[in-house]
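*Asks:* sequence plus the predicted model coming up.
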Amino acid sequence: MEARNNRKIRKGVVVSDKMDKTVVVKVQNLKLHPRYQKFIKRSKNFKAHDEANECRMGDTVEIIETRPLSKDKCWRVTKIIERSIEVASEG
């Protein structure tokens with residue numbers, strides 16, 4: 001039961017919310033190059049479960065590791081840290 005507490009937690013930005021109960025979260029991290037001592041930006045997309053369909057594109061969210069929910073989805077959204085600013089479309 002102690003393995004339940006060792007789940008990874010990531011913070012990222014929602015880049016897609018087109019699927020039902022699923023969002024794609026882009027997580028960025030900085031990695032120091034060993035020889036050149038320069039920081040390199042690395043990013044990875046994670047598919048996360050959003051039960052209530054409340055996340056929108058541009059939201060900053062926190063995701064936590066969970067059991068596999070589908071072929072690609074093994075993360076779930078725990079909370080929305082910051083909402084994106086919605087811009088009214090002209091038309």
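*Replies:* Alright, I've got the coordinates.
*Asks:* pLDDT wise, what is the residue nearest to the spatial centre of the chain at?
*Replies:* A centroid search over the chain (Cα atoms, centre = their mean) returns V25, at 3.0 Å, as the residue closest to the centre. Confidence at V25, expressed as pLDDT, is 98.
*Asks:* V14 versus that one, what's the distance?
*Replies:* V25 sits at a distance of 6 Å from V14 (criterion: Cβ to Cβ, to the nearest Å). From N, CA and C alone the C-beta is placed, and that goes for glycine too.
*Asks:* what do these two both touch?
*Replies:* With contacts taken as Cβ atoms under 8 Å, 6 or more residues apart in numbering, V25 and V14 have V61 as neighbours in common.
*Asks:* and C55, how many neighbours does it have?
*Replies:* Neighbourhood size, C55 [other Cβ atoms under 10 Å]: 22.
*Asks:* that one in helix, strand or coil?
*Replies:* Assigned by DSSP: H, G, I helix; E, B strand; the rest coil, the conformation of C55 is coil.
*Asks:* just how off-centre is stretch 50-70 within its chain?
*Replies:* 7 Å (Cα atoms, centre = their mean, to the nearest Å).
*Asks:* for it, buried residues please.
*Replies:* Using 16 or more other Cβ atoms under 10 Å as the burial criterion, the residues of stretch 50-70 that qualify are 50, 55, 59-61, 63.
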